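[1] sequence first, then the predicted structure, then my questions.
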Amino acid sequence: MIYLIASCLITSGCGDWNDVTPASPTGAGSSGDTVATAKSDQSVPVAQPVVVAQASQTTAPAPAAGAGTGTSSSSSGSQNTTTTNTTNTTTTATTTTTPITTTTTPTPTTTTPTTTTNVTSTASTSGLDLSVAGMRADMTGAHESTIAGVPAAWSWGSQADFGFGLTGFPSSWTSPAYTMWGIVGPADSGSPATNVRVQIRRVRADFKRNGAWYRAQYQKGGLGGANYTNYTTNQNSPADIVQMGDDGIAVKLTQTSGFHFYPTFRVPFSRDLQGLVVSMDVRLIKDNPNGVDDIDSARIYGVSAGDVYQSMTAQWNGTTWVNGHAPIGRFRQIGREWRTITAHLGLSSDAQFQEYINWAKQQPL
């Protein structure tokens with residue numbers, strides 16, 4: 001549902017924040033999945049450039065006849081063992097946002113996110129924090145908190161939402177694409193902690209086809225994003241991001257905004273998928289290493305999600321519907337220990353969850 005670099009721009013996608021899914025689309029998701037319907041208080045897609053994934057990481061099972069091609073891709077090349085990266089650079093990117101809502105057209109805004117890197121980072125080889133109970137909880141029940149800037153009345157504002165499911169996107173989208181995305185943000189009442197950053201790494205989209213899982217999208221770090229104060233109007237501001245090499249990024253939140261992020265490329269999607277899992281690893285760290293440790297008082301939450309796009313290069317033009325979420329998970333609290341937060345489609349039995357977990361824990365990170 002949206003992807004940014006200051007307002008939803010970079011390659012993967014920034015799109016409808018909400019449910020622009022038409023009522024009763026043909027082809028719901030997998031067993032147990034539901035499909036969202038459009039709401040008048042929700043916005044439509046925002047345009048952004050697109051980078052098509054090129055690097056191959058894992059060979060995907062051959063698609064069924066007539067299906068799209070699933071390509072496993074990585075923007076960061078081979079996976080890490082233990083490496084040390086020391087950098088000292090400052091990068092400034094300029095992006096332009098043209099937010100539109102279903103009822104009003106806000107004045108276009110321009111933001112200039114500044115990313116400063118001055119960190120020595122040691123990449124970790126720790127495994128994923130996955131369990132059957134944890135994955136079930138990522139899509140079940142109310143959010144652990146409502147989030148600053150996200151209207152609670154939206155279909156995903158208070159709980160997880162399946163969106164398109166696996167097959168509910170328009171039949172006219174003959175060459176669909178996909179990207180994972182996520183949000184981390186404070187509770188809508190704010191967070192008491194002031195000396196914290198949210199560290200985000202290893203964002204993933206895993207697909208199952210012909211009975212076999214494969215990693216379609218993976219990015220360790222280098223994520224872009226912006227702080228969003230209003231998801232209805234796409235109002236946002238530059239994010240304070242520290243690049244941490246293979247250990248991802250660390251973002252400083254404000255009390256009134258969430259950080260929206262996504263990978264820098266899309267991957268092919270198809271209707272013959274049997275399962276889908278998007279995930280990210282997150283934790284809280286001290287902003288000032290010599291400052292107070294108030295991490296345990298933080299009320300900061302994160303969600304994993306993904307969007308189906310009309311194509312690998314489709315761009316919103318103000319009138320054309322080009323993307324919709326599939327799915328958006330549940331906002332879960334983030335603490336000082338690494339936590340893997342997922343969202344998924346096509347998984348219902350304990351055996352299906354365990355099959356995925358066993359596979360995922362064997363994949364290089």
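    Ah, there it is.
[2] please name the residues that touch residue 182.
    For residue 182, the contacting residues are 200, 203, 260-262, 280, 302-305, 341, by Cβ atoms under 8 Å, 6 or more residues apart in numbering. Using the backbone N, CA and C atoms, a C-beta is placed for each residue, glycine as well.
[3] distance to residue 154 for the residues you listed - can I get that in JSON lines?
    Below are the contacts of residue 182 laid out as JSON lines (distance: Cβ to Cβ, whole Å):
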{"residue": "200", "distance to residue 154": "23"}
{"residue": "203", "distance to residue 154": "23"}
{"residue": "260", "distance to residue 154": "14"}
{"residue": "261", "distance to residue 154": "19"}
{"residue": "262", "distance to residue 154": "19"}
{"residue": "280", "distance to residue 154": "21"}
{"residue": "302", "distance to residue 154": "17"}
{"residue": "303", "distance to residue 154": "12"}
{"residue": "304", "distance to residue 154": "17"}
{"residue": "305", "distance to residue 154": "13"}
{"residue": "341", "distance to residue 154": "19"}
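[4] hmm, which of the residues you listed is lowest in pLDDT?
    Lowest pLDDT of the contacts of residue 182: residue 262, 90.
[5] give the bridge partners for it, please.
    residue 224 (DSSP bridges).
[6] how close does it sit to residue 214?
    Distance of residue 262 to residue 214, computed by Cβ to Cβ, to the nearest Å: 20 Å.
[7] residue 333 too?
    According to Cβ to Cβ, residue 333 stands 31 Å off from residue 214.
[8] ok, residue 269 next?
    Separation of residue 269 from residue 214 (Cβ to Cβ): 13 Å.
[9] between these two, which one's more packed in?
    Between residue 269 and residue 214, residue 269 has the larger neighbour count (other Cβ atoms under 10 Å), namely 30 against 19.
[10] wait, the more buried one touches residue 179, no?
    No - applying Cβ atoms under 8 Å as the test, residue 269 and residue 179 come out as separate, 9.3 Å apart.
[11] nearest to residue 248, of the contacts of residue 182?
    residue 200 (5.1 Å; Cβ to Cβ).
[12] in a strand, the closest one, correct?
    Yes - the assignment for residue 200 (DSSP: H, G, I helix; E, B strand; the rest coil) places it in a strand.
[13] so who does it touch?
    If you count contacts by Cβ under 8 Å, 6+ apart, residue 200 has them with 182, 184, 223, 248-251, 261, 280-282, 302.
[14] sketch out the low-pLDDT regions of the stretch 251-365 of the chain for me.
    Residue ranges of the stretch 251-365 of the chain with pLDDT under 70: 318.
[15] quick one, helices of the stretch 101-250 of the chain?
    Remark: helices assigned in the stretch 101-250 of the chain by DSSP state H, counting those that start in this stretch are 132-137.
[16] so where's it shaky on pLDDT?
    101-127.
[17] doesn't residue 254 belong to a strand?
    No - applying three-state DSSP, one finds residue 254 to be coil, outside a strand.
[18] surely it is in contact with residue 227?
    Yes - contact between residue 254 and residue 227 holds when scored by Cβ under 8 Å: they sit 5.9 Å apart.
[19] who has more neighbours out of the two?
    Using other Cβ under 10 Å, the more surrounded residue of residue 254 and residue 227 is residue 227, with 27 against 17.
[20] any idea how far that one is from residue 347?
    Here residue 227 is placed at a distance of 32 Å from residue 347 (Cβ to Cβ).
[21] what is in contact with residue 254 and residue 227 at once?
    Applying Cβ under 8 Å, 6+ apart, one finds that residue 254 and residue 227 are jointly contacted by residue 237.
[22] for the nearest residue to residue 354 once chain neighbours are set aside, list the residues it contacts.
    In space, and not counting its chain neighbours, residue 354 is closest to residue 132: 5.9 Å by Cβ to Cβ, 6 or more residues apart in numbering. Residues near residue 132 by Cβ under 8 Å, 6+ apart: 350, 353-354, 357.
[23] now with 7 Å?
    Residue 132 makes contacts with 350, 353-354, as judged by Cβ atoms under 7 Å, 6 or more residues apart in numbering.
[24] ok, residue 195 next?
    By Cβ under 7 Å, 6+ apart, the contact set of residue 195 is 286-288, 291-292, 294.
[25] what about the closest residue to it other than its chain neighbours, which SS state?
    Among residues not flanking residue 195 along the chain, residue 291 sits closest, at 4.4 Å (Cβ to Cβ, 6+ apart). Following three-state DSSP, the label given to residue 291 is coil.
[26] can you get me a residue count around the nearest residue to residue 293 once chain neighbours are set aside?
    Nearest residue to residue 293, sequence neighbours excluded (Cβ to Cβ, 6+ apart): residue 286, at 6.2 Å. Residue 286 has 17 neighbours, counted by other Cβ under 10 Å.
[27] which strand residues bridge residue 286?
    Following DSSP bridges, residue 286 is listed with bridge partners residue 196.
[28] residue 252 versus that one, what's the distance?
    For residue 286 relative to residue 252 (Cβ to Cβ), the value is 11 Å.
[29] residue 355 too?
    The gap separating residue 355 from residue 252 is 38 Å, by Cβ to Cβ.
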